[in-house]
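Engineer: Show me the folded form of this:
(one chain, ligands or ions: 1)
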Amino acid sequence: MTQEIDQRVDEFIDDTQDCEEREQAYRARGTARPITVVGNPVLHSECRNVTEFDDGLAALIDDMFASQRAAEGVGLAANQIGVDLKVFVYDCHDDEGVRHVGVVCNPVLEELPAESRVLDDNNEGCLSVPTAYAELARPDYAVVTGQNAAGEPIRVQGTGYFARCLQHETDHLYGRLYIDRLSKRERKKALKMMEEGTPRYETVPNA
Ligand SMILES: [Zn+2]
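Structural biologist: Residues are numbered from 1 along each chain as shown. Modelled structure (predicted):
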């Protein structure tokens with residue numbers, strides 16, 4: 001009766017196959033949209049859960065891949081193109097140089113045991129904080145559970161830069177930017193970099 005609903009997802013999806021073909025198919029169907037930037041309310045509150053796994057969602061995902069490519073990003077959350085829904089896409093390499101392409105709806109970051117956490121303090125940037133970057137320590141391994149575009153449960157794991165990406169994109173959908181994790185001083189510095197730079201892609205002007 002409830003067996004299917006209660007089924008746990010233990011296996012990780014393989015998001016490394018046919019990356020080029022899959023990514024290209026998405027963005028060929030989609031249209032690039034301008035990117036929202038820090039200050040836009042859609043980026044600063046939790047997005048709504050995806051409940052309809054329909055053609056509208058598929059079209060949104062296509063636009064997200066097109067927008068991600070146009071802005072040369074490695075991950076993109078729906079609120080970065082102004083849509084208040086919990087879905088992110090990614091096209092990102094891990095520390096072994098393996099490319100990962102995929103979509104996660106309603107992502108939840110799994111808590112990892114503290115003893116297995118190794119912090120990596122590489123630079124981080126965000127399309128919604130154009131031209132800025134800062135050092136930010138994050139665990140170098142991450143696991144996200146959620147659903148695919150068809151609503152089926154999935155589990156995604158990442159190492160290195162891809163682990164950073166999974167954490168960064170999940171944060172977005174809960175209304176949190178990476179600069180919100182910086183010290184006051186570092187945050188100010190990042191915002192100043194943004195003020196002084198010119199984004200190389202189209203952005204949504206803040207009201
Ligand atoms: Zn971002």
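Engineer: Please put the alpha-carbon coordinates of the helix or strand harbouring Leu166 into CSV.
Structural biologist: Using DSSP states H and E, the element containing Leu166 is helix 160-173. The C-alpha trace of helix 160-173 is given here as CSV (Å, rounded to 0.1, in the frame of the first residue of the first chain):
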residue,chain,number,x,y,z
GLY,A,160,35.4,19.0,-4.3
TYR,A,161,34.1,21.8,-6.4
PHE,A,162,30.9,19.9,-7.2
ALA,A,163,30.2,19.4,-3.5
ARG,A,164,30.5,23.1,-3.1
CYS,A,165,28.1,23.6,-6.0
LEU,A,166,25.4,21.3,-4.5
GLN,A,167,25.6,23.2,-1.2
HIS,A,168,25.6,26.6,-2.8
GLU,A,169,22.5,25.8,-5.0
THR,A,170,20.6,24.2,-2.2
ASP,A,171,21.3,27.3,-0.1
HIS,A,172,19.8,29.5,-2.9
LEU,A,173,16.5,27.8,-2.7
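Engineer: So which elements touch the lengthiest helix in the chain?
Structural biologist: Ranked by number of residues, the top helix in the chain under DSSP state H is helix 55-70. Here helix 55-70 is seen to pack against helix 19-29, strand 75-77, strand 87-93 when contacts are counted using 3 or more C-beta pairs under 8 Å, 6 or more residues apart in numbering; DSSP states H and E. Yep, even glycine has a C-beta here, placed from its N, CA and C like the rest.
Engineer: Tell me where this protein has strands.
Structural biologist: 75-77, 87-93, 99-109, 119-120, 123-125, 133-135, 138-139, 141-147, 153-159 (DSSP state E).
Engineer: Could you single out the most deeply buried of these?
Structural biologist: Of all these, strand 75-77 carries the top mean neighbour count, a mean of 28, counting by mean count of other C-beta atoms under 10 Å.
Engineer: do you know how far the residue minimising distance to the centre of the chain is from Gly158?
Structural biologist: Closest residue to the average C-alpha location of the chain: Glu169 at 2.7 Å, with C-alpha atoms, centre = their mean. Distance of Glu169 to Gly158, given as C-beta to C-beta, to the nearest Å: 10 Å.
Engineer: Tell me who's in contact with the nearest residue to Arg29 once chain neighbours are set aside.
Structural biologist: For Arg29, ignoring the flanking residues on the chain, the nearest one in space by C-beta to C-beta, 6 or more residues apart in numbering is Asp62 at 4.2 Å. Contacts for Asp62 (C-beta atoms under 8 Å, 6 or more residues apart in numbering) come out as 26-27, 29-31.
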